[in-house]
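Asks: no sequence on this one, just coordinates:
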């Protein structure tokens with residue numbers, strides 16, 4: 001990796017409002033997103049830091065060059081879509097965090113991205129995540145009294161009032177990993193937000209998913225010895241910022257394919273090249289030997305979805321028809337058990 005490798009990758013994407021970011025684990029995630037033209041409170045490329053009034057993200061410059069970027073694509077349950085991201089990974093032993101299992105006061109958050117928050121109190125929520133200390137931060141005296149009265153207990157004990165107090169008070173959430181930190185200032189998704197996560201920076205804490213103990217979904221092709229400590233989510237060519245369908249954007253598609261070629265797992269990139277080559281030659285699927293393995297099969301299906309969208313965008317009816325015929329064999333609804341959800345980083 002060259003001196004500007006991963007740091008350069010992060011610095012290139014931080015100013016891009018279409019790129020989202022996340023830190024956390026499967027079921028507990030902090031996400032940072034921006035709107036086009038959104039005012040910035042911090043914009044420090046040298047320190048790999050960016051903040052708005054809704055949230056903030058900072059990478060540790062002393063760590064980033066040890067991060068291994070792994071670009072990947074995943075299937076959507078909707079057969080005209082796919083998701084993509086770049087996982088920033090460390091070996092499991094380097095990625096390990098405190099893994100506290102009970103609510104724990106950590107003191108003032110002297111590392112807070114915004115100066116006014118540095119005297120606010122930081123509490124580890126005790127989610128026992130392998131790769132993230134998932135915290136809340138507050139100066140609210142009423143919430144502090146409840147948190148301190150229940151320190152040392154699991155937030156998920158049935159009679160623990162702390163979680164209810166957190167949901168009512170909407171403290172900042174802070175996900176801290178070996179890569180850096182993501183901070184969310186907006187309200188927690190729930191009754192006060194209409195039952196959905198607010199647009200822009202937000203968090204998810206989903207105990208049923210956390211119970212798996214996974215750091216990432218099984219559909220993410222990360223080598224077993226590596227653990228993600230952050231994700232970047234470049235703009236998706238078929239999915240808009242709010243999860244809506246968007247007209248196919250060939251520029252966003254081309255940009256991510258370049259990332260995939262540079263940072264994707266070689267065996268999955270090779271599957272896509274083989275599929276693209278076969279269709280470029282006008283071959284039918286009868287003599288195509290499909291790959292083995294969950295991630296390899298997903299790469300085949302994603303390649304076909306992309307070829308159809310590219311052909312439709314380019315008014316290439318013959319290629320669209322040929323790719324569609326392949327999809328009737330390799331990418332049918334009955335195969336959707338390998339599809340991922342489309343929440344970034346899950």
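Replies: Received, thanks. Please read all numbers here as calculations on a predicted model, not as lab measurements.
Asks: switch to C-alpha atoms for all contacts and neighbour counts from now on
Replies: Noted.
Asks: okay, now residue 24: neighbour count?
Replies: Neighbour count of residue 24, defined by other Cα atoms under 10 Å: 32.
Asks: what do you get for the one 10 residues further on?
Replies: Residues contacting residue 34 under the criterion other Cα under 10 Å number 26.
Asks: you'd agree it is up against residue 14?
Replies: No. Using Cα atoms under 8 Å, residue 34 is not in contact with residue 14, being 9.7 Å away.
Asks: Which residue comes closest to residue 303 once chain neighbours are left out?
Replies: residue 272 (5.6 Å; Cα to Cα, 6 or more residues apart in numbering).
Asks: same thing with residue 84?
Replies: Residue 84 sits nearest to residue 73 (Cα to Cα, 6+ apart), 4.2 Å away.
Asks: and the one you found, that one's in a helix?
Replies: No. Residue 73: not assigned to a helix; according to DSSP: H, G, I helix; E, B strand; the rest coil it is strand.
Asks: what's the distance between it and residue 211?
Replies: Noted for residue 73: a distance of 25 Å to residue 211, by Cα to Cα, to the nearest Å.
Asks: The two: who's more crowded?
Replies: residue 73 (24 against 13).
Asks: just checking, the residue nearest to residue 84 touches residue 82?
Replies: Yes. Using Cα under 8 Å, residue 73 is in contact with residue 82, at 7.0 Å.
Asks: what about the helices in the stretch 201-346 of the chain?
Replies: Here the stretch 201-346 of the chain has its helices, by DSSP state H, counting those that start in this stretch, at 207-210, 250-263, 266-280, 294-313, 317-330.
Asks: Please identify the deepest-packed of those.
Replies: Of all the helices of the stretch 201-346 of the chain, helix 294-313 has the most neighbours on average by mean count of other Cα atoms under 10 Å, namely a mean of 21.
Asks: Can you pull out the residues in contact with that one?
Replies: Applying Cα atoms under 8 Å, 6 or more residues apart in numbering, the external contacts of helix 294-313 come out as 73-75, 79-82, 219, 221, 248, 250, 267-269, 271-272, 275-276, 290-291, 317, 319-320, 323-324, 326-327, 330-331, 338.
Asks: With residue 100 as the reference, measure out to the nearest residue to residue 259 once chain neighbours are set aside.
Replies: Once flanking residues are discounted, residue 259 sits nearest to residue 71: 6.4 Å by Cα to Cα, 6+ apart. Distance of residue 71 to residue 100, computed by Cα to Cα: 30 Å.
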